[in-house]
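Novice: Need coordinates for the following:
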Amino acid sequence: MERELIRNSNFKFKAKAFTVFSLLFSSFFISDIAMHLTLHKVNTKIFYIEVTATLLILVNLILFFFSKQGVHIKFFLLIIGILAVLFLTINGINSETLLILFSYPLIAAFTIDYRAVVNWNIPIIAVLITALVLKESLPIFPITRLIPLQSEVSLFELLFGYLIIVILSYFLSKSANDATYEIYNFSVKDPLTGLFNRAFALSFLEQQIEEIKREPENRANKRLCVSYIDLDNFKVVNDTYGHSTGDSVLRKVSTILHAFFRKEDVVARLGGDEFLVISLNTDCESLKRRLENLRIQVEEELKDYNLSLSFGVAEISEDTVDAKEAIDIADRRMYLNKQKRKRERKREVKGELPSTEEPTSV
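Specialist: Next up, the predicted model:
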């Protein structure tokens, strides 16, 4: 769940960058085409290349708005990469070529994963190295556009400058990725336990409920359960052993919760010794049985502290379609579960049989 959320956050940023770059380059090519037509100085090859590229970029952008698929971002990168090579081989090293060429690593840095930035630039680097090595025997660029005595130096400087920009783009992308991860952890994680925090859990639950409301016909198929978990006897741990030990116990419980639930479930600490679990596409009755197993596990692993837990479960669309109300229902059911278990412990102390009554429904 965590990696998926980070990927979604990164993808939203990359999608915005892709949109901006697509509009910038299509605007640049349209203005360049208009300028050439106005001045009646048309390089036929470049003209048709720019027209084709503009159409491909705009159509690709429109398709992306409908599909939201990352393949359109990669296709845009492919278009710009091909354009860079074509402009090099047709126009030589001029202002348009340099604009497209040196923009390419930066576009890659903002639109794809940082680990793929270098890979996407390798073909252009290979073209530049080939041009530099074979320039005398097999010129790739029109040498007449370069100063004859400095042509080799110019080509070498182009390659060297491009390599610098690729390296800088890689570290820029990696730094942005690391910063995104740190900001993400700071904004959605509980600092003590490493679980999700209250704000994120509520926001996520509201988002899932909105999706259910938007598709009422699929409500029966999209099971969403909210579990409210509260530790029993935790106050005694704090009063007896101190808050430092209490924090260690909370971290231990959080580790158990994180390992117990599925990756797609959102496990959050609401505060104190209270936790919330949002389970997607699950059967709530089956979840209740699993929570009983969780209680047994907590009691076994933290028996030195005589710690246990109580829980309550609410089902979205069955009990309610409101996030706050769902949490309140789960909270009340947790309290009833806690009271029932207290009564059972009292009976056990008195030597009576455990009660088989179900908690009163809320």
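
Novice: When you work out contacts or count neighbours from here on, use the C-alpha atoms and nothing else.
Specialist: Fine.

Novice: Surely L250 and D273 touch.
Specialist: Yes: with contact defined as C-alpha atoms under 8 Å, L250 counts as touching D273 (7.1 Å).

Novice: any low-confidence regions in the stretch 101-250 of the chain?
Specialist: Counting by pLDDT under 70, the ranges of the stretch 101-250 of the chain that qualify are 135-153, 216-221.

Novice: helix or strand for E344, which one?
Specialist: Taking DSSP states H and E as the definition, E344 sits inside helix 323-350.

Novice: Return the set of buried residues in that helix.
Specialist: Residues of helix 323-350 classed as buried: 323, 326-338, 340-341, 344 (neighbour count, 16 or more other C-alpha atoms under 10 Å).

Novice: do the same with stretch 126-137
Specialist: 127-129, 131-132, 135.

Novice: Can you show me the helices along this structure?
Specialist: Taking DSSP state H to define them, one finds helices in the chain at 2-39, 44-67, 71-91, 95-111, 117-133, 151-188, 198-214, 234-241, 243-260, 284-301, 323-350.

Novice: now the fourth one and helix 2-39, what's the angle there?
Specialist: This points to helix 95-111. Using axes from the mean of the first three to the mean of the last three C-alpha atoms, to 10 degrees, the inter-axis angle of helix 95-111 relative to helix 2-39 is 160 degrees.

Novice: For V236, see how far away N119 is.
Specialist: Computed as C-alpha to C-alpha, to the nearest Å, the N119 to V236 distance reads 57 Å.

Novice: And those two? Which one has more around it.
Specialist: V236 (14 against 10; other C-alpha atoms under 10 Å).

Novice: residues in contact with that one?
Specialist: Applying C-alpha atoms under 8 Å, 6 or more residues apart in numbering to V236 gives no contacts.

Novice: Does F21 touch L106 like I think?
Specialist: No: using C-alpha under 8 Å, F21 is not in contact with L106, being 10.2 Å away.

Novice: quick revisit: please identify the most buried of the helices of the chain.
Specialist: Among the helices of the chain, helix 95-111 has the highest mean neighbour count (mean count of other C-alpha atoms under 10 Å), at a mean of 20.

Novice: What helices and strands are in contact with that helix?
Specialist: helix 2-39, helix 71-91, helix 117-133, helix 151-188 (3 or more C-alpha pairs under 8 Å, 6 or more residues apart in numbering; DSSP states H and E).

Novice: With distance to L309 added, can I get the helices of the chain in JSON lines?
Specialist: Shown next, in JSON lines, are these (distance: least, C-alpha to C-alpha, whole Å):
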{"stretch": "helix 2-39", "distance to L309": "25"}
{"stretch": "helix 44-67", "distance to L309": "45"}
{"stretch": "helix 71-91", "distance to L309": "47"}
{"stretch": "helix 95-111", "distance to L309": "46"}
{"stretch": "helix 117-133", "distance to L309": "48"}
{"stretch": "helix 151-188", "distance to L309": "24"}
{"stretch": "helix 198-214", "distance to L309": "19"}
{"stretch": "helix 234-241", "distance to L309": "9"}
{"stretch": "helix 243-260", "distance to L309": "10"}
{"stretch": "helix 284-301", "distance to L309": "6"}
{"stretch": "helix 323-350", "distance to L309": "8"}
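
Novice: Of those, which is nearest S227?
Specialist: Closest to S227 of the helices of the chain, according to C-alpha to C-alpha: helix 323-350, at 6.2 Å.

Novice: for the helix holding E344, what is the average pLDDT?
Specialist: Helix 323-350 shows an average pLDDT of 85 in the prediction.

Novice: can you start the count at 40 instead of 1 from here on
Specialist: Taking 40 as the first residue, the last one we looked at is helix 362-389.

Novice: Off-centre distance for that helix?
Specialist: 37 Å (C-alpha atoms, centre = their mean, to the nearest Å).

Novice: which other residues reach stretch 307-326?
Specialist: Contacts of stretch 307-326 (C-alpha under 8 Å, 6+ apart): 229, 232, 234-237, 240, 244, 260-270, 273, 289, 303-306, 352-354.

Novice: ok, M74 to L63 distance?
Specialist: Counting by C-alpha to C-alpha, the gap from M74 to L63 is 16 Å.

Novice: Now do the same contact list for the spatially closest residue to K377 that is not a sequence neighbour.
Specialist: Spatial nearest neighbour of K377, chain neighbours left out: S349 (5.3 Å); criterion: C-alpha to C-alpha, 6 or more residues apart in numbering. When contacts are counted by C-alpha under 8 Å, 6+ apart, S349 touches 268-271, 334, 373-374, 376-377.

Novice: And these, which is closest to L122?
Specialist: Closest to L122, out of all of the contacts of S349 and judged by C-alpha to C-alpha, is I268, at 57.8 Å.

Novice: burial count for that closest one?
Specialist: Neighbours around I268, by other C-alpha under 10 Å: 24.

Novice: Show me what it is bridged to.
Specialist: I268 has the following beta-bridge partners by DSSP bridges: F314, F350.

Novice: if I look at the residue nearest to L194 when sequence neighbours are not counted, how far off is F195?
Specialist: Leaving out its chain neighbours, the residue that sits closest to L194 by C-alpha to C-alpha, 6+ apart is L171, at 6.4 Å. As judged by C-alpha to C-alpha, L171 and F195 stand 7 Å apart.
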